[in-house]
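A.B. asks: Generate coordinates for the sequence data below:
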Amino acid sequence: MAARLAMRTLAEPIRHLVQELMVLGRQLDRITQTVAPGLRVGQGIGPNNAAALLIAAGDNPQRLRSEAVFAALCGASPIPASSGTRQRHRLNRGGKGQANCAPFRIALDRLRWDPATKAYSERNTGEGKSKREILHCLKRFIAREV
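C.D. replies: Numbers count the residues shown, from 1 in each chain. Modelled structure (predicted):
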């Protein structure tokens with residue numbers, strides 16, 4: 001009996017927090033649709049990812065003069081990391097953390113659900129690229145698309 005009462009007492013605040021989270025999610029969805037409706041059209045770009053990208057752009061999107069600047073802000077700009085005869089690139093670790101996470105989450109979503117991205121991944125895996133290199137390319141593509 002006491003255990004049930006304790007569990008009920010603990011569950012009540014969780015129930016209220018879940019309801020509040022749902023309300024905030026709907027508000028975030030409405031705000032991102034209003035501010036940047038074209039951004040939400042892309043595959044895998046939901047309200048959370050759109051909000052992270054909009055926050056990264058900030059109040060002054062004019063400072064993002066090119067796709068390369070935005071890619072650097074998102075941590076998706078390539079840096080040469082070649083050694084010997086192997087030519088390769090790694091992603092810039094700079095930029096904002098949330099802006100870096102959003103293209104990664106979008107890329108994972110597209111790898112899971114988008115047939116074109118799946119085909120791209122399979123084609124590049126056949127060419128000898130690792131999953132990490134494929135994700136780097138996808139993050140850069142997503143930053144370019146956004």
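A.B. asks: Where does pLDDT dip in the chain?
C.D. replies: 59-60, 91, 94-96 (pLDDT under 70).
A.B. asks: and the residue most central in space within it, what helix or strand is that in?
C.D. replies: Nearest to the geometric centre of the chain sits residue 102, at 1.8 Å (C-alpha atoms, centre = their mean). Here residue 102 sits within helix 97-113, counting by DSSP states H and E.
A.B. asks: Identify each buried residue in that helix, please.
C.D. replies: Using 16 or more other C-beta atoms under 10 Å as the test for burial, helix 97-113 gives 99, 100, 102, 103, 104, 105, 106, 107, 109, 110, 111. Where you see a C-beta, it was placed from the backbone N, CA and C, and this is true even at glycine.
A.B. asks: again with stretch 132-146
C.D. replies: Result for stretch 132-146 [16+ other C-beta under 10 Å]: buried residues 133, 134, 135, 136, 137, 138, 139, 140, 141, 142, 143, 146.
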